[in-house]
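Undergrad: dropping a prediction and its sequence here:
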Amino acid sequence: MQSTRADGVTDLWQAAPAPGPLTAVLSFGTGLRDETAPTLGVTRLVEALVTTQLGRRPHEFTSTVEEEATHFAVKGTPMEVTGFLHAVCSALRDLPTQYMEHATRLLGIQAPRSCDHRGAEPLNARYGPHALGLVAYHDPDMYARLTPDAVRTHAAALFTRGNAVLALDGPPPVPVPGYQGPGSTGWSTPSPSC
């Protein structure tokens, strides 16, 4: 496993490419742990807005929000992976809050994420209505209470280059000329500048 740091993003990659398509996972160290009762669901809403902006793509991709991290994963050609990472970072830089009504409606009808709630009571006792103490809570209206400013503030504070790790199962793809991430002067190395 190789490790480099480019534009503030830690890159982890295998020196010898795996056979088949390239797989990349862009992870941010933010999840439920960074939420409070009033902001419950904000990380999931950021993730939903980003994936809404991505639209349909000819290659595999997925995203998840966990207690302590948010992941955007893609599998495809190096050019598809680069395009996907560019699109994720672009959506995070200019969060498409115009789709909030649509995203909140979809998130409200989706079943809550399934997880083992056996540890929820001690977490709630330890943290109260904050961070991991909220692990068992789900309110279908929680997304509708969030404002565009709250969502943008959360994304700007926690979906950053310094809070990101890019893992690849092969060498990083070539840089995209002209790419710029939030607060970045450009993509000087083969790494997203989120």
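TA: Perfect, thanks for sending it.
Undergrad: ok, then the element right after the lowest-mean-pLDDT helix or strand in the chain?
TA: Least confident helix or strand, the chain: helix 120-127 with a mean of 67, by mean pLDDT, DSSP states H and E. Using DSSP states H and E, the next helix or strand after helix 120-127 towards the C-terminus is helix 148-158.
Undergrad: and that next one, how far out from the chain middle?
TA: Offset of helix 148-158 from its chain centre (Cα atoms, centre = their mean, to the nearest Å): 13 Å.
Undergrad: nearest residue to Ala16 in space, please, no chain neighbours.
TA: Distances taken as Cβ to Cβ, 6 or more residues apart in numbering place Gly170 nearest to Ala16, at 7.5 Å, with adjacent residues excluded. Using the backbone N, CA and C atoms, a C-beta is placed for each residue, glycine as well.
Undergrad: wait, that neighbour touches Leu22, no?
TA: Yes - counting by Cβ atoms under 8 Å, Gly170 touches Leu22, with 5.2 Å between them.
Undergrad: could you point out which element follows the helix ranked longest in the chain?
TA: Longest helix of the chain, by residue count under DSSP state H: helix 78-93. Downstream of helix 78-93, the first helix or strand assigned by DSSP H and E is helix 100-109.
Undergrad: now for that following helix, which elements pack on it?
TA: Applying 3 or more Cβ pairs under 8 Å, 6 or more residues apart in numbering; DSSP states H and E, we find helix 100-109 packed against helix 42-54.
Undergrad: so for the helix it packs on, what's the average pLDDT?
TA: The average pLDDT within helix 42-54 is 92.
Undergrad: packing partners for it?
TA: Packing partners of helix 42-54 (3+ Cβ pairs under 8 Å, 6+ apart): strand 60-65, strand 70-76, helix 78-93, helix 100-109, helix 148-158.
Undergrad: switch those over to a markdown table; also include mean neighbour count, distance to Ala16 and mean pLDDT.
TA: Shown next, in a markdown table, are the helices and strands packed on helix 42-54 (neighbours: other Cβ atoms under 10 Å; distance: least, Cβ to Cβ, whole Å; pLDDT from 0 to 100):
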| stretch | mean neighbour count | distance to Ala16 | mean pLDDT |
| --- | --- | --- | --- |
| strand 60-65 | 16 | 22 | 89 |
| strand 70-76 | 21 | 18 | 94 |
| helix 78-93 | 21 | 15 | 90 |
| helix 100-109 | 15 | 40 | 86 |
| helix 148-158 | 16 | 34 | 94 |
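Undergrad: tabulate the ones you listed (JSON lines), appending distance to Ser27.
TA: Listed next are the helices and strands packed on helix 42-54 as JSON lines, based on distance: least, Cβ to Cβ, whole Å:
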{"stretch": "strand 60-65", "distance to Ser27": "10"}
{"stretch": "strand 70-76", "distance to Ser27": "5"}
{"stretch": "helix 78-93", "distance to Ser27": "11"}
{"stretch": "helix 100-109", "distance to Ser27": "21"}
{"stretch": "helix 148-158", "distance to Ser27": "12"}
